[in-house]
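# only geometry, no sequence info:
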């Protein structure tokens with residue numbers, strides 16, 4: 001069944017406490033290759049049948065209205081995975 005994947009991330013101008021915690025843990029473990037970490041959310045919407053423009057538009061609307069909080073988050077990606 002095809003799946004629509006929606007990726008949501010905190011807005012760039014906001015602090016990401018989870019990302020900071022992971023970044024600090026990496027530093028304490030001696031991992032220095034990564035300078036920062038940001039943590040987001042991934043949603044997988046499974047679709048019965050084919051994904052047409054109408055279904056994709058509905059997924060975009062749901063991503064903006066329900067899956068993300070537009071005050072603190074951005075929808076950064078919507079893709080179809082077969």
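That came in fine, so what should we check first? Computed from a predicted model, the values in this text were never measured in an experiment.
# Where do the strands of the protein begin and end?
With DSSP state E as the criterion, the chain has strands at 3-10, 41-46, 73-81.
# what would these look like in JSON lines with distance to residue 23, mean pLDDT and mean neighbour count?
C-beta here means a position set from N, CA and C on the backbone, and glycine is covered the same way. Shown next, in JSON lines, are those (distance: least, Cβ to Cβ, whole Å; pLDDT from 0 to 100; neighbours: other Cβ atoms under 10 Å):
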{"stretch": "strand 3-10", "distance to residue 23": "14", "mean pLDDT": "97", "mean neighbour count": "18"}
{"stretch": "strand 41-46", "distance to residue 23": "18", "mean pLDDT": "98", "mean neighbour count": "13"}
{"stretch": "strand 73-81", "distance to residue 23": "19", "mean pLDDT": "96", "mean neighbour count": "14"}
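# all helices for this structure, in order.
Using DSSP state H, the helices found in the chain span residues 17-28, 53-62.
# nearest to residue 72, of those helices?
For residue 72, the closest of these is helix 17-28, at 11.9 Å, according to Cβ to Cβ.
# rewinding a little: output the strands of the chain in a markdown table, with distance to residue 59 appended to each entry.
Output for the strands of the chain, formatted as a markdown table (distance: least, Cβ to Cβ, whole Å):
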| stretch | distance to residue 59 |
| --- | --- |
| strand 3-10 | 5 |
| strand 41-46 | 6 |
| strand 73-81 | 6 |
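# For residue 55, find the nearest of these.
Residue 55 sits nearest to strand 3-10 of all the strands of the chain, at 7.6 Å, using Cβ to Cβ.
# Among the helices of the chain, which comes closest to residue 73?
Closest among the helices of the chain, once you apply Cβ to Cβ, is helix 17-28, at 12.9 Å.
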